[in-house]
Structure formats: C-alpha cells, structure tokens
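> Quick one, what's the 3D model for this:
(3 chains)
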Amino acid sequence: MRFYYFLLVIVILPLYTSGFIAAKSRNVCSLCEYKTIKAAIKHADSGDEIILHNEVFTENNIVIKKSLTLRGEKGAVIDANNKGTILLIKADNVKIENLIFRNVGYSNIKDYVAILVYKSNNFTIKNNYFEKVLSGIKVEKSKYGFIESNQIFSGDQEQHAIGSGINAWDCAYLIIKNNNIYGMRDGIYFEFVKDSLIENNNAYNNYRYGLHFMFSNNNAYIKNKFYKNGAGVAVMFSKFITMENNVFSENWGTASYGLLLKEIYDAEIINNAFLENTIAIHVEGSTRVNYIDNYFKSNGWAIKVAGACYKNIIKKNNFSGNAFDLSYHSNINDNEFDNNYWSDYTGYDLNKDGVGDVPYRPVKLFSYLVSKNPEAIILLRSLFVDIVNFSEKVSPIFTPDNIIDKNPAMREHE
Amino acid sequence: MLKILRYSFSDISRSQWSYFYFAFYFIIGFTLLFLSSDVSKAVITLVNIILVLSPLIGTVFGVIYFYNSKEFTQLLLAKPIKRSTIFIGQYLGLSLSLSFSFVLGLGFPFLFYGIFRSPAIGDFFSLLISGVFLTFIFTALAFNIALSNENKIKGFAAAILLWLLLAVIYDGLFLISLMVFNEYPLEKVSLIATALNPIDLSRILVLLKLDISALLGYTGAVFQKFFGGGLGMLISIFILMLWTVLPILRIMQKIEKRIFNE
Amino acid sequence: MIEFKNLKKSFGRLNALEDINLKISKKGVFAILGPNGSGKTTLIKCILGMVIPDQGSILINEKNIIKKWEYRNDINYLPQIADFPANLTVSELIEMVKDLRAKEANESALIELFGLDPFLDKKLSILSGGTKQKVNLVLAFMFDSSIIILDEPSTGLDPLSIIQMKELIETQKKEGKTILITTHIMSLAEEISDEIVFMLEGKKYFQGTIDEIKKKTKEKTLESAIAKILGGR
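Numbers count the residues shown, from 1 in each chain, chains lettered A, B, ... in the order given. Next comes the predicted model:
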C-alpha cells in the first residue's frame, strides 16, 4: 500500500509543478549562452532545464539548490579531474539525466562521490553513466527518490579507496531500479533506510557485497542478480525485508556467501535461486523468516546456521547437489521443514503421491562435525566420512531429532 | 627387466580380471556421464570411487599375483638374471597393466563425451594421475607384504589391513585427533597428516583442482596456499614418488635375502 | 665340477643343511636321494641361488657362486611344479625363456619329441598337468648347458613320456653333461644314475655308486638298501 502512495507522489508531483511555472531551457557549451554548468545554475530559476551539450565539462563541486533538471545530450561528460565531489543536490524536485560522470578523485579526509543528494525529496537520477568514480551516488536524509537505469563502476582504482555504488543513509521511499553496478565496494548500501524498493539491478564483481542492508526495515528487493561479488547480499539488523526472485550466484571464496542474514526478523525469502556459492545462505540469527520455493544448486553449504534460529519455515525449496544442505552449531528450534526436495534423499514413495514415505534429516553427521571442527572439512569425500554419514543415517545418534522434513518431495519443484 | 616387464604385462593384461577392471571403469564412466552429462560433476563422483578402488585393486592384485606366480618365479630365478630384475619387472608389469585398464576404461567414455573440449580436462588429468600413482604405490606395498609373509592367508590379510588402515582407519584417527585437540591450531598438523597418507594427499590434490576448493574455508585456504603453488605441487608429487620408490627399494633390498625353498 | 664346502643352512631352529662337503667331479647322472625334509631340495636351491647358505661355499668350476648370477647361464633347471603365467601361450612362454638367455636353443626338436605342436598357440591355463610338465621339460632341455638340474622330473608324466625323458637324459649324459636329479622313485634312480648321494637330516649320509650302497647294506635293490638304512636307524 505504501508503495502505491509513493508512486502517486513521485509521478503526479512533477507534472503538477511544471504546469504552473513556465520552464525554460538553458544550454551549456563552449559556444552557448552559458559556458559552465555552475553559471547556468546560477542564472536558472526553479523548474528550469539545463541542457549540457556533447562536450566534456571539467567542473566539480556543483551545488544545486533549486528544483532543476540537469540533462545531457548524448556524450555530455562532467569530469572532476580527480578534484572531488561533482554534484551536490540540496533541493527538492531535481532531475539528473543522460550524463557521464568521470574521475571523482580520492581524499584521505573527505568522502568524494559523483552525486551527493542531501535532504532532497522527489529526486530522479536516471540513465547516467559513472566511470572511474570511487563512490557513485550517495543519498542522505532524503525521500521519494528514483535512481534508475544507471551504470556505475569504479574503473581500475585502488581497492582500498573504492566506496559504494549507491549508498543511502537515513532515507525512505526510494526506488532503485535497472541499474548495473560493478567493481565497487558495495553495489548498493542501505543504512537506516525504510520503505524502499530495489528491483531488477545487476550487481557483480563488487569487492564486498552486491547489496548491503543495515538497520533498514520494511524494504523489498526483487528480481536482482548478484554474482561474483565478495559476497552476494548482506542483510543485517533489519526487519520485514522481502527478498523475492533474485539470483545469487558464483559468490565463491573462502568465506563467501550468497546471502548473509544477521539478526533478521519477519522476512520473506521467496523464489530465489542460489547457484554455486560457497555458502548460499549464511544465517547468524533469523526469527520468523519464511524460506519458500527457493532453489539451491551446487553450493558448498545451502543453509549454514551460526546463530540462534527460531520459528523459521523452510518449505518447498529445492536442494540439489550441494555439498551440505544444512549445517549449524547453535540453537535451532521450532523451525518447520516441509515438503522440500533434497537431492540426497534416498527414500521411497509407495503410494506415488510425490511425497517420500520416510522422513529426511538434512543435517549429516559430517556437517555437524565440521561445524564443530572446521579443519575436519579436509576429510570431505573420504571413504571414512561416507561410512560415518551412512551409519548415522541408518541409526541417528548425533544429529538432532527436531530437524526433520517429514514430507520430502520426490521430484524437484518447478 | 624390460623383457620380464613385457611378458608379465602381456600375461596380466590378457587375464579376465584386467578385462573386468577395464569394463568396470568403462561402465561407471559412461553411466556417470550419461546421468549427469556434466564432465566436472562426473569427475567429482569419480574421486570417491577411484581413491577407494585403485588402492584396493592394487593391493589385492599385487598380493594375488605375487603368490600365484611363485612357481614360475622360481623358474625365472634359476635363469641367469638378477633377482631384483625379475621382481621389479613383474611389479612394473602388473602396475602398468592395472593402470592401463584404469586409464583406458575411464578415458574412452570421457573422450566420447568430449573431455578435450571441456574445461574440466585439468581436473580429469589430475584424477588419472592420482589413480595411476595410487596403483603403483599400493601394488608396491602389496609386493612388500607378500615378500615378508610366506603364508598366503596371512599375507592377504595383512594387505587388506594395510589398505583399510590407509583408506579408512587413518582418516578416522585423524578426525578423532582433530576433535580431541580442538583448542589448538591444527592447520599445519592437518597439512602434514594429509601429506603423509597417499590416499588423502591424492584426494586433496584432486579436490583443490575442482571448484569445490572454496568450500574448504580457512583450512582450505592454508591448503590452497600450500598445494596450489608450484612448490606445493612439486612437494606433493615428490611425496607420491617417495611413496612409490621407497617400497620398490625395500622390495629390491628384501629380495636379495629372501629364500625360495618351497 | 660342483663342490660344496662346509655348507650350512638353518631355517629358524631347523637345521636344513649341516656341514655338507660334497664333490661332484665326474660327468654323468647324480641322483640326490633322501626322505622328505632331508635337505635335498635345499641343496639344489643352494646351487641355483634361491637359497643363500649361512656358511660355506659352493664352487662351480672352482669359482664360488654364492650371491652371483651369471654362472646360471650354464645351468638348466627343471622345477618340481610346472606352473606358468596363465595367459601366455606355449610358444610365447618358450620365446620368453629364450629371450632371457643369450644362448642358442633347440626347442623345435623337443616340441616334436613330446608332441606339443597342437598346443603351441594354446593358453597355458587350459593345459593339463601332464602337458604342462612336457612344456617344463622343453624349457629345461632346450639349452646346451654343462649342468642340468632336474627336480622330480617324472611328476605327472605318462609312461611313454617317461621313456622319452630317460632317453633325453641318456643323450645329454653322452654329450658329457653333469646331471643332478632328485627323485623318490628309486627304480628311476637305479636305472639312470651313475652315482648317488643319500641325504638324511641335513647331512650327507652316503656318496657312491649304486653297487657300493648295495654292497654296504647287502641288499639286492637300491630300494631295499635305502629301506634298510632308514629302518636301521
């Protein structure tokens, strides 16, 4: 419901304002009325449109305090020449479109970004191209923003200096859509952001996370692709997050994972695909989280639980060809495993209803041993371990009774 | 030596056991590839089978061959040839013949499914090399045991026990000691313990080649650093060579003192 | 000439050979006789280098042969049990044994003599015990060596083949070879040997011609002479 209201505001409001004020176009180029962007902004009135011609403008620290639209013709570049932040938006109703941002630069003291949005409502940043920026877009204390169809990448900068692609802090009602973010520290980083939507973005080859949530409640991210990041997505200390239809793949490395959940309450993890991650979902505390219809394939661990884990529902997922389906070394109570497909399941189905007649225990003895002694992983795929797992399967002693799928599916769910 | 090798090779390679052994890998290879049609998946499944089977077959065939060819060996001993020539020739003939069955049995299915076009070719080769090494190592160990035991039954039991020790019990003790000394940093210890057992060493070498290496976590990183580098690889190959050469040297030394009085 | 000097060998507590001094200087057939466990096989295996004596020396043509192997080029040996690589054919086996020696071989005459032609391309595993023993004989006699050692040569042979074997031994003798035979068929020993060595409990009990042993025991046949020695103990 909140989203509809939000959409209404963001679409209707600009139409409404532009109807009242006679908007004027102001061109910026070496032969135009305005030679610099700063000059154009200085003379512009609220509601005006500033058009940057196909040139390279070497400017930085451009402050926008009026409701302006900054639009580039094809090939218009703003180059900060490594001197610092390019754009500072401090007004409502600002639109930035079709621009190329380049060479933000690095400082030990200050965080330079390509675009900084501060206390601005109703902004749009669309179809821009960010290259050799240490940080892309930073949004602080703002509401109702659209960040859409941008390409953000760091270029070959030094890794320690690189920041986030899109960083939002203390914001609400943002929509981040169709962006491509790669080679940054975090693809998208949310701190204290609520009621926002992240949709259909690609985040890959980022050094830390594809997407990072901290203390951000009531958000949704859907249809995104996170691959080959240091780790796919980290959701920490947040409530009511919806994670749907995303693909987490090839987050592959010593301590890497597709999705990290740390102290998460009341989340929905639905219909995602986790492919070839060292750990598909690393859980450090999750309560009342529904894991439904997800596909775990060829991961090291499908779900690895390291913290308390209560009242979760794990239902109708496919666990296919993972080295370990489930591993834990902490309290894990009141969780419901139901009707998942487990490729390691060897039971039978006499009445042919598609549900195995023998319950399945997803925790193998070896995965239990490994969670207690990480070095033991070195015995993976040895005959002894196979024997141990088999004997434990025949007569369970160590693996817990309460982790059991009583209705294992015989075939993969669609 | 080459003459003995040639004849024992052509003898063993024509025995029905060689055909069985070849057929086993041939069928396993095709079945796995047919079921998964993914070369690297099939390689992973094969790791288990090969690391268990090639030592076992090397051990069993080594002991059986040694005892069964005793009479003929005596005939050879009466010929103007050095003793070590006879036994090393027979040993190489057997190991080579077993390795051929293994390599060809697996080679055909994988060739058919296009191993040369697959990125898993390196993994497949490291698997083959490990299997061949294990065959040579365990056949040599079996010859040693047979040399030290005149009694067939005792020799056979000892050989099976040795296989069980290195293939299963060693890992069990390894795991238990990891549990007991939980509080200590164990990466180096595990590294050494792994390197000392040829089966474990081969397993790690193949697993690190496969993309599940990242699974091994921090411990894996220590291993990756060691085995992944050129030096580690050289050291591992050197250890495997040592496992092959030392038993052979012991055969040569033992054989000079052995009496053939039955 | 074969000479044993102070030869000693024990297996654990069992003294297999106790201070054997023996000289076989003439050409001809020498039978080494004795009950089971008397040390005759050990003695033969010492010559062949399969058993290394604890003490003493063995001289062949005045050269000590212990821990050497080249001298075996001049020895033919027929093992007691004929057991060969199962999957080789008869002709491959013969080729192999020829291969191992840089010496001329006349196997074709022997193959013809024992009628082995139809078996040449057969695998050794399917041959009968008697046929295997014939192959064994071919392997032992096909080289021209001055010393021939035969361990129970008549095992598994039919009467006709035994006659053929005896003829073979006779021919070799005429060619001036030294032939050592172990056997427990006394009639065979009596028939073909020029001299016998009788072993008992690891010691040389008697060496001499058959007539001498008969005279010594006042018996008419070798068999009863031996029986008397064994019974008289």
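> Looking at the stretch 51-200 of chain B, what residue ends up closest to chain A?
The nearest approach of the stretch 51-200 of chain B to chain A comes at B:D171, 3.7 Å away (CB to the nearest CB). In this view, the C-beta of every residue, glycine as well, is placed from N, C-alpha and C.
> For that residue, grab the count of nearby residues.
Each residue near B:D171 was counted by other CB atoms under 10 Å in any protein chain shown, and the total is 25.
> so which strand or helix has it?
helix B:170-180 (DSSP states H and E).
> can I assume C:K173 is in contact with C:I181?
No. Using CB atoms under 8 Å, C:K173 is not in contact with C:I181; the gap is 11.1 Å.
> between the two, what contacts are shared?
Taking CB atoms under 8 Å, 6 or more residues apart in numbering or on different chains as the criterion, C:K173 and C:I181 both touch C:V29.
> which outside residues touch the particular helix or strand that has B:L201 in it?
Per DSSP H and E, B:L201 falls inside helix B:198-209. For helix B:198-209, contacts defined as CB under 8 Å, 6+ apart pick out A:378-382, B:43, B:47, B:51, B:55, B:122-123, B:126-127, B:130-131, B:133-134, B:137, B:166-167, B:170-171, B:174, B:193-195, B:213, B:216, B:220, B:223-224, B:227-228, B:233, B:236, B:239-240, B:243.
> Any stretches of the chain with poor pLDDT?
I'll assume chain A. Along chain A, segments meeting pLDDT under 70 span A:1-22, A:156-157, A:330-331.
> right idea, wrong chain: chain B
B:37, B:211-221, B:228, B:262.
> Contact residues of it facing chain C?
B:3-4, B:7-8, B:10-12, B:14-15, B:69-72, B:74-83, B:256-257, B:259-261 (CB under 8 Å from any CB of the partner chain).
> Any of these buried? List them.
B:4, B:7-8, B:10-12, B:14-15, B:69-70, B:72, B:74-81, B:83, B:259-260 (16 or more other CB atoms under 10 Å in any protein chain shown).
> tell me, what residue is most central in chain C?
Nearest to the mean C-alpha position of chain C, by CA atoms, centre = their mean, lies C:L150 at 2.1 Å.
> Show residues contacting the host helix or strand of that residue.
Here C:L150, judged by DSSP H and E, is contained in strand C:147-151. Residues outside strand C:147-151 that contact it (CB under 8 Å, 6+ apart) are B:78, C:2, C:41, C:44, C:47-48, C:60, C:74-80, C:140-141, C:169, C:172, C:177-182.
> Inside helices: which ones of those residues?
Among the contacts of strand C:147-151, the ones falling in helices (DSSP state H) are C:41, C:44, C:47-48, C:140-141, C:169, C:172.
> Quick check: the residue of the stretch 51-200 of chain B closest to chain A touching A:D386?
No. Look at B:D171 against A:D386 with CB under 8 Å: they stay out of range, at 10.2 Å.
> from the ones in helices among the contacts of strand C:147-151, which has minimum pLDDT?
Lowest-confidence member of the ones in helices among the contacts of strand C:147-151: C:T41, scoring 85 (pLDDT).
> could you list every residue that touches that residue?
B:261, C:80, C:151, C:182.
> Can you tell me which of these end up in strands?
Residues from these lying in strands, with DSSP state E as the criterion: C:151, C:182.
> Of the contacts of C:T41, which is the nearest to chain A?
Closest to chain A, out of all of those and judged by CB to the nearest CB, is B:N261, at 39.4 Å.
> Quick one: the helices in chain C, in order.
With DSSP H as the criterion, chain C has helices spanning C:40-48, C:90-99, C:107-113, C:129-141, C:159-174, C:186-192, C:210-217, C:222-231.
> what packs against the longest one?
Read that as helix C:159-174. strand C:28-33, helix C:107-113, helix C:129-141, strand C:178-182, helix C:186-192 (3 or more CB pairs under 8 Å, 6 or more residues apart in numbering or on different chains; DSSP states H and E).
> what's the angle from the longest one to helix C:90-99?
Taking axes from the mean of the first three to the mean of the last three CA atoms, to 10 degrees, helix C:129-141 and helix C:90-99 form an angle of 20 degrees between their directions.
> Now helix C:129-141 - C-alpha only, PDB.
The C-alpha coordinates for helix C:129-141 follow below in PDB (Å, rounded to 0.1, in the frame of the first residue of the first chain):
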ATOM      1  CA  GLY C 129      49.200 -81.200 -15.700                       C
ATOM      2  CA  GLY C 130      51.000 -83.700 -17.900                       C
ATOM      3  CA  THR C 131      51.200 -81.400 -20.900                       C
ATOM      4  CA  LYS C 132      52.500 -78.600 -18.600                       C
ATOM      5  CA  GLN C 133      55.200 -80.900 -17.400                       C
ATOM      6  CA  LYS C 134      56.200 -81.600 -21.000                       C
ATOM      7  CA  VAL C 135      56.400 -77.900 -21.600                       C
ATOM      8  CA  ASN C 136      58.500 -77.800 -18.500                       C
ATOM      9  CA  LEU C 137      60.900 -80.400 -19.900                       C
ATOM     10  CA  VAL C 138      61.200 -78.500 -23.200                       C
ATOM     11  CA  LEU C 139      62.200 -75.400 -21.300                       C
ATOM     12  CA  ALA C 140      64.700 -77.300 -19.200                       C
ATOM     13  CA  PHE C 141      66.400 -79.200 -22.100                       C
END
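> Buried only: go through the contacts of helix B:198-209 for me.
Counted by 16+ other CB under 10 Å, the contacts of helix B:198-209 give A:378-382, B:43, B:47, B:51, B:55, B:123, B:126-127, B:130-131, B:133-134, B:137, B:166-167, B:170-171, B:174, B:193-195, B:213, B:216, B:220, B:223-224, B:227, B:236, B:240, B:243 as buried.
> Those residues in helices, which ones?
B:43, B:47, B:51, B:55, B:123, B:126-127, B:130-131, B:133-134, B:137, B:170-171, B:174, B:193-195, B:220, B:223-224, B:227, B:236, B:240, B:243.
> for the residue nearest the centre of chain B, what are its contacts?
Central residue of chain B (CA atoms, centre = their mean): B:L134, 1.2 Å from the mean position. B:L134 is in contact with B:50-51, B:54-55, B:58, B:198-199, B:202, counting by CB under 8 Å, 6+ apart.
> ok, those residues vs B:P109, which is closest?
Among these, B:I50 lies closest to B:P109 (CB to CB), at 13.6 Å.
> you'd agree the closest one is up against B:I129?
No. If you go by CB under 8 Å, B:I50 and B:I129 don't touch, sitting 10.9 Å apart.
> Which one of the two is surrounded by more residues?
Just comparing B:I50 and B:I129: by other CB under 10 Å the higher neighbour count belongs to B:I50, 24 against 16.
> wait, what's in contact with B:T59?
Contact partners of B:T59, counting by CB under 8 Å, 6+ apart, are B:138-139, B:141-142, B:159-160, B:162-163.
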